[in-house]
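Colleague: predicted model and sequence below, questions to follow.
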Amino acid sequence: MKYAKKRAQLLGATKNLLATLAQTAPEQELLRASIEGLMELIQVKYGAITILDDHGNLSQFVHAGLTDEQARHGMSPPRGTGLLGVVIQQNLILRLDDMTKDPRSQGFPPGHPAMTSLLAVPISNLDRVYGRIYLCDKFDKNPFSDEDQELAISFANAISLLLDNARKLNQLEKSQHQLLHTAFHDALTGLPNRVLLSDRISQALCHANRNQTQLAVLFCDLDGFKTVNDTFGHRAGDHVLKTMGERFVNCVRGDDTVARFGGDEFVFVLPEVESVEHTRTVAQKILDTISQLIHIDGHDLVLCGSIGIALYPLDGEETESLVKNADLAMYKAKKQGKNNYQFFEEKLLAECPPQSAAHKRNYGMDAATTSAATH
């Protein structure tokens with residue numbers, strides 16, 4: 001009858017653990033509630049839960065009945081030696097009336113209270129061992145019973161299922177985050193791709209329209225990049241693009257957007273542009289950044305760039321028109337000798353022949369080139 005009551009208490013304690021997890025309590029609080037609940041059921045003086053990370057290193061150590069100073073003497077990852085190490089490494093249960101007489105016992109470290117009886121169970125699910133629970137010295141000084149062992153095993157199983165569920169949810173969240181990042185970022189540079197660029201421009205347009213401010217879209221092309229690919233190979237070309245992407249992010253404001261449009265083309269979005277002069281300053285800063293040395297396989301490379309600039313609302317009021325007009329201005333910069341920036345002018349629409357690359361270009365924001373090898 002007494003055992004049946006304990007089983008009912010165990011079921012209630014397990015439900016409390018599930019409720020704790022549902023409230024997204026920190027793992028340490030979950031473990032503390034677990035060991036304290038189990039110790040109360042079995043009536044023991046000392047108890048602890050050890051949790052390991054994916055590499056077998058100590059991740060969590062929650063104890064009861066010990067002071068923090070006493071517990072620190074026993075906090076070390078299991079190495080397969082000693083009684084508690086055996087529990088982890090061999091995924092087995094230990095129940096000893098006097099642990100000091102067991103040949104595997106390595107004694108107690110200085111400052112650690114002496115203990116006699118031991119009940120230690122692994123926290124495991126299938127082949128995954130998460131850690132261990134150990135209990136020492138019942139208040140009534142009796143050895144641990146079969147009932148005590150079954151309670152401890154049931155409790156360890158409940159904890160392992162909770163930890164397994166929590167970590168699967170964590171892995172799922174990480175996978176979803178990675179998928180979202182892949183969908184909206186360029187795989188090579190990590191910069192926003194066309195999809196995210198479109199969203200950033202749309203947000204900037206809404207803000208500019210609401211606050212009656214200007215924004216600028218800068219279309220930048222690396223002059224001479226094809227020569228890098230042809231001379232040093234696509235691996236070197238990818239290195240250049242990654243390096244430029246990192247430098248571009250560092251040369252603009254935190255609220256500005258730097259996106260890889262495709263190949264060796266980058267688009268900058270500058271919300272809340274105070275003046276045309278501010279845009280000139282940023283454009284020149286980008287050109288100066290491009291002209292910095294890049295070291296590749298023992299060679300020092302110096303590139304230059306051409307930048308086209310379109311301003312809202314003067315040069316367009318929609319995402320695609322702003323990007324297209326900035327691109328047309330970039331072609332003008334190339335015609336002017338490269339390594340310079342040009343602002344969009346209405347006459348560029350007439351000057352750009354229908355057969356030109358600018359007219360044939362797809363300005364859709366639903367794809368992004370990810371490697372220099374495709375340029």
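Modeller: Thanks, I have it.

Colleague: burial measure for Ile296, as a count.
Modeller: Residues contacting Ile296 under the criterion other Cβ atoms under 10 Å number 17. In short, each C-beta sits where N, CA and C put it, glycine included.

Colleague: let me redo that: Ser321
Modeller: Neighbour count of Ser321, defined by other Cβ under 10 Å: 16.

Colleague: output the contacting helices and strands for the helix or strand hosting it.
Modeller: Secondary structure from DSSP states H and E places Ser321 in helix 319-335. Packing contacts for helix 319-335, counted by 3 or more Cβ pairs under 8 Å, 6 or more residues apart in numbering; DSSP states H and E, involve helix 194-211, strand 214-223, strand 304-312, strand 340-343, helix 347-351, helix 357-360.

Colleague: let me have the ones you listed in TSV, extended by distance to Met244, mean pLDDT and mean neighbour count.
Modeller: TSV is the format used below for the helices and strands packed on helix 319-335 (distance: least, Cβ to Cβ, whole Å; pLDDT from 0 to 100; neighbours: other Cβ atoms under 10 Å):
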stretch	distance to Met244	mean pLDDT	mean neighbour count
helix 194-211	16	94	17
strand 214-223	7	96	23
strand 304-312	9	97	24
strand 340-343	16	97	21
helix 347-351	26	82	12
helix 357-360	21	55	12
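
Colleague: now distance to Tyr46 too, for these, in JSON lines please.
Modeller: Compiled in JSON lines, the helices and strands packed on helix 319-335 are given as follows (distance: least, Cβ to Cβ, whole Å):
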{"stretch": "helix 194-211", "distance to Tyr46": "54"}
{"stretch": "strand 214-223", "distance to Tyr46": "65"}
{"stretch": "strand 304-312", "distance to Tyr46": "68"}
{"stretch": "strand 340-343", "distance to Tyr46": "72"}
{"stretch": "helix 347-351", "distance to Tyr46": "81"}
{"stretch": "helix 357-360", "distance to Tyr46": "76"}
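
Colleague: which of the ones you listed sits closest to Phe266?
Modeller: Among the helices and strands packed on helix 319-335, the nearest to Phe266 by Cβ to Cβ is strand 214-223 (4.7 Å).

Colleague: quick one, the closest one and helix 194-211 angle?
Modeller: For strand 214-223 against helix 194-211, the angle by axes from the mean of the first three to the mean of the last three Cα atoms, to 10 degrees is 150 degrees.

Colleague: now strand 214-223 against strand 304-312, angle please.
Modeller: Strand 214-223 runs at 160 degrees relative to strand 304-312, counting by the same axes, to 10 degrees.

Colleague: what lines up beside strand 214-223 in the sheet?
Modeller: Paired strands of strand 214-223, with direction, are strand 265-273 (antiparallel), strand 304-312 (antiparallel) (DSSP bridges).

Colleague: which residue ranges form the strands in the stretch 51-200 of the chain?
Modeller: With DSSP state E, counting those that start in this stretch as the criterion, the stretch 51-200 of the chain has strands at 58-64, 94-96, 118-125, 128-138.

Colleague: mind putting those into TSV with distance to Asn250, mean pLDDT and mean neighbour count?
Modeller: As requested, those are exported to TSV (distance: least, Cβ to Cβ, whole Å; pLDDT from 0 to 100; neighbours: other Cβ under 10 Å):
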stretch	distance to Asn250	mean pLDDT	mean neighbour count
strand 58-64	35	84	18
strand 94-96	56	94	19
strand 118-125	46	91	23
strand 128-138	42	91	22
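
Colleague: of all those strands, which one is nearest Leu188?
Modeller: Checking those against Leu188 by Cβ to Cβ gives strand 58-64 as the closest, at 34.5 Å.

Colleague: now do the closest one: distance to the chain's middle.
Modeller: Relative to the mean C-alpha coordinate of its chain, strand 58-64 is positioned 25 Å out (Cα atoms, centre = their mean, to the nearest Å).

Colleague: now the angle from it to strand 128-138?
Modeller: Strand 58-64 and strand 128-138 are oriented at 20 degrees to each other (the same axes, to 10 degrees).

Colleague: what's strand 58-64 packed up against?
Modeller: If contacts are counted by 3+ Cβ pairs under 8 Å, 6+ apart, strand 58-64 sits against helix 27-42, strand 44-52.
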